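Undergrad: my questions are about this predicted structure, shown below with the sequence.
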Amino acid sequence: MPDPRPTPIPASIDRSSVPHHVAVVMDGNGRWAQRRGLARTEGHGAGEVALLDTTYGALAIGVRALTVYAFSTENWRRPIDEVRFLMNFNQSLLQRRQHELHDEGVRITFSGRRDWRVPKKVLRRMDEAAELTRGNKLMTLNIAFNYGGRAEIVDAVQRLVADAVPVKQIDEKAIRSRLYHPEIPDPDLVIRTSGEYRISNFLLWEMAYSELVFTEVLWPDFRREHLFDAVEEYQRRERRFGGLDK
Ligand code: IPE
Ligand code: IPE
Ligand code: MG
């Protein structure tokens, strides 16, 4: 089980330039299970420890926001049994973990569409976790659920139109302020596990200038040490934002 206590932080991490916002594509659960002769769903279950351990590792080094990709708008294409499992699993994970996350000062938020496909029970549990933890300040754990980067931009455009924003006033700020969580700064670091080198419709608007780190580790095997490695890799990068100075 993950250890919520303060963890020794590698001296090689520069505490003055820890990424403010880290986002993770938690991939490889199915392959992790298949390699063990287990059902794919066992891999999703095993991802829970990885999520908690990564969250505690992020807290320990002072990351202020951690966005995790839990279910994409494209994941509905999976077999109905797997989709059903993921719905139940995510709501039961929230039920089991919301109190300990609350005790650790974590604010839980969600990015994604609350459409008819998400069972009411799941939506209720999401609201409950968000409500319980809304006043917490140490770190935001933002769960991307029924999330798609394109859907998020479409939803923002719909809001622009609903708000009757004049054409001349449509700029990046107007769009950004209508994304799901405009108060969370863009991710500095995006990590994808399982040796896949793609974005898969994650945070399309927000990751314009994120540093990307890919690892072969399958999500159920991912632990805070892997997060620390990714942060070190991030700290070796030179961010330019289109200019020439650091
Ligand atoms: C990521 O693991 C979890 C979700 C997409 C919900 P996968 O289920 O995609 O695992 P692989 O990529 O098939 O191994
Ligand atoms: C991205 O992983 C979505 C989540 C991790 C929730 P996928 O496994 O769905 O992505 P693809 O299909 O390999 O691009
Ligand atoms: Mg996958």
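TA: Perfect, thanks for sending it. Ligands and ions are numbered 1, 2, ... in the order given.

Undergrad: please make it C-alpha for all contacts and neighbour counts, starting now.
TA: Fine.

Undergrad: the residue nearest in space to the middle of the chain and residue 160, how far apart?
TA: Closest to where the C-alpha atoms of the chain average out (C-alpha atoms, centre = their mean) is residue 68, at 1.6 Å. Noted for residue 68: a distance of 26 Å to residue 160, by C-alpha to C-alpha, to the nearest Å.

Undergrad: do the same with residue 110
TA: Taking C-alpha to C-alpha, one finds residue 110 at 21 Å from residue 160.

Undergrad: also residue 209?
TA: Noted for residue 209: a distance of 24 Å to residue 160, by C-alpha to C-alpha.

Undergrad: who has more neighbours out of those two?
TA: For residue 209 against residue 160, the residue with the higher neighbour count under other C-alpha atoms under 10 Å is residue 160, and the figures read 19 against 15.

Undergrad: if we go by neighbour counts, what in the helix or strand containing that one is buried?
TA: The secondary structure element spanning residue 160 is helix 149-162 (assigned by DSSP states H and E). Buried residues in helix 149-162, counting neighbours by 16 or more other C-alpha atoms under 10 Å, are found at 149, 151, 152, 153, 155, 156, 157, 159, 160.

Undergrad: on that earlier part again, can you classify the residue nearest to the centre of the chain as helix, strand or coil?
TA: When classified by DSSP: H, G, I helix; E, B strand; the rest coil, residue 68 comes out as strand.

Undergrad: immediately after the lengthiest helix in the chain, which helix or strand?
TA: The single longest helix within the chain, with elements called by DSSP state H, is helix 80-103. Once the chain leaves helix 80-103, the next helix or strand it forms, by DSSP H and E, is strand 106-111.

Undergrad: how near is residue 10 to ligand 2?
TA: Counting by C-alpha to the nearest ligand atom, to the nearest Å, the gap between residue 10 and ligand 2 amounts to 28 Å.

Undergrad: should've said residue 171
TA: Going from residue 171 to ligand 2 by C-alpha to the nearest ligand atom gives 29 Å.

Undergrad: burial check on that residue, number of neighbours?
TA: Neighbourhood size, residue 171 [other C-alpha under 10 Å]: 9.

Undergrad: which pLDDT value goes with it?
TA: Per-residue confidence (pLDDT) for residue 171: 98.

Undergrad: same check on residue 6?
TA: Predicted confidence (pLDDT) for residue 6: 61.

Undergrad: all strands in this structure, in order from the N-terminus.
TA: Taking DSSP state E as the test, the strands found in the chain are 21-25, 65-72, 106-111, 139-147, 189-192, 211-214.

Undergrad: what average pLDDT does the second one get?
TA: Per-residue pLDDT values over strand 65-72 give a mean of 99.

Undergrad: sweet, I'm off.
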